[in-house]
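Undergrad: This is a predicted model, with the sequence first.
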Amino acid sequence: MSIGAHLVELRKRLMIAAAALVVGMIVAFIITDPVIAWITEPIRVLTEKRGANFAALNFTNVTSGFDLRMRIAFSIGIFLSSPIWLWQIWAFVMPGLTRKEIRYTVGFLASAIPLFFAGCWVGLLIVPHVIELMSTFIPQGGVNYYSATEYYDFVFKLMLVIGVAFVLPVFLVALNVIGIMSGRAILKGWRIAILIATVFAALATPAADVVTMFLLAGILIVLFFAAAGVSMLFDRRKARRATAAGLPGSIV
């Protein structure tokens, strides 16, 4: 295809993806009430424990309510429309890939997407504990009025951070596949990986909730060792193929 034909194809794919996103946002906008009720449940728990006037979701201007719903609709719309826009990206890129690259890309996406959503779910489970812990620093007689947009940004960003953390082992395997890091090199960094996982879990969870901290750290550590194990298996397979082909192949 010529450059012009590629641009026409790209425009068509982008229009389909944008239309899917708009439809997803419309559907998501309809269900914003239960979503808001769900993510603000920790605030209701605080008011039950500390008094009706202790915590509330605060809308600071005329358009705050609409802005919050649009933010939620956009975020959920991306997730709802992800099968369509991911397919559009894949359909545009796939003709230029080799059969081997297609196989690796499918394996990468099949691993990364479920892990990302699992991380987002873990983030949602952690949010109430973080909010409850932070509320303990408010002095006696003080009140905590959460800005609606800032509160939602906090919940959304925490979900994204933990979701990305769950996907990092897949990137380690990808680095091994393209030959940048060997499986043994990844495994040698296990001490640093455990330290990073523990520190991350400690920062993402309340200090008083030791069980949640160790659970999150344990999941991240298991994912790291799984990535190292898969990478070592790939290295052994590469070495066998190199030996069969009469090439010098060694597992490093």
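TA: Cool, got the structure. Numbering: from 1, shown residues only.
Undergrad: can you give me the strands in the stretch 51-200 of the chain?
TA: With strands called from DSSP state E, counting those that start in this stretch, the stretch 51-200 of the chain shows them at 55-58, 144-147.
Undergrad: if you compare those strands, which one is most tucked away?
TA: strand 55-58 (a mean of 18; mean count of other C-beta atoms under 10 Å). (Each C-beta comes from the backbone N, C-alpha and C, glycine too.)
Undergrad: how about TSV for the strands of the stretch 51-200 of the chain, with distance to Phe29 and mean pLDDT added?
TA: Below are the strands of the stretch 51-200 of the chain laid out as TSV (distance: least, C-beta to C-beta, whole Å; pLDDT from 0 to 100):
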stretch	distance to Phe29	mean pLDDT
strand 55-58	18	82
strand 144-147	21	84
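Undergrad: Any chance of those in CSV with distance to Arg236 as columns?
TA: Shown next, in CSV, are those (distance: least, C-beta to C-beta, whole Å):
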stretch, distance to Arg236
strand 55-58, 55
strand 144-147, 53
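Undergrad: shaky segments in the stretch 51-200 of the chain?
TA: 52 (pLDDT under 70).
Undergrad: can you do 90?
TA: 51-65, 68, 75-76, 78-200 (pLDDT under 90).
Undergrad: Could you work out which of the strands of the stretch 51-200 of the chain reaches nearest to Leu14?
TA: strand 144-147 (34.0 Å; C-beta to C-beta).
Undergrad: ok now the closest one, how far from the chain's centre?
TA: With C-alpha atoms, centre = their mean, to the nearest Å as the basis, strand 144-147 stands 26 Å off its chain's centre.
Undergrad: Need the contact partners of that strand.
TA: The contact list for strand 144-147 (C-beta atoms under 8 Å, 6 or more residues apart in numbering) reads 43, 46, 54-58, 60, 135, 138.
Undergrad: mind putting those residues in TSV, distance to Gly107 included?
TA: Listed next are those as TSV, based on distance: C-beta to C-beta, whole Å:
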residue	distance to Gly107
Ile43	42
Leu46	44
Phe54	49
Ala55	45
Ala56	47
Leu57	42
Asn58	46
Thr60	47
Ser135	43
Ile138	48
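Undergrad: So which of those residues is the closest to Ile31?
TA: Leu57 (17.9 Å).
Undergrad: Surely that closest one and Glu150 touch.
TA: No. Shown here, Leu57 and Glu150 do not form a contact pair, counting by C-beta atoms under 8 Å, at 10.3 Å.
Undergrad: buried ones in whichever strand or helix holds Val23?
TA: Assessed by DSSP states H and E, Val23 sits inside helix 3-30. In terms of neighbour count (16 or more other C-beta atoms under 10 Å), helix 3-30 has its buried residues at 13, 17, 20-21, 24-25, 28-29.
Undergrad: ditto for stretch 185-196
TA: For stretch 185-196, burial by neighbour count (16+ other C-beta under 10 Å) applies to 185-187, 193, 196.
Undergrad: How far away from the center of its chain is the longest helix seen in the chain?
TA: Secondary structure of the chain per DSSP state H: the longest helix is helix 99-135. Taking C-alpha atoms, centre = their mean, one finds helix 99-135 lying 4 Å from the centre of the chain it belongs to.
Undergrad: Stretch 181-199 too?
TA: 20 Å.
Undergrad: any idea where the helices of the stretch 101-250 of the chain begin and end?
TA: Assigned by DSSP state H, counting those that start in this stretch, the helices in the stretch 101-250 of the chain fall at 148-177, 183-188, 190-204, 210-244.
Undergrad: mind putting those in JSON lines, distance to Ala37 included?
TA: Below are those laid out as JSON lines (distance: least, C-beta to C-beta, whole Å):
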{"stretch": "helix 148-177", "distance to Ala37": "13"}
{"stretch": "helix 183-188", "distance to Ala37": "43"}
{"stretch": "helix 190-204", "distance to Ala37": "24"}
{"stretch": "helix 210-244", "distance to Ala37": "23"}
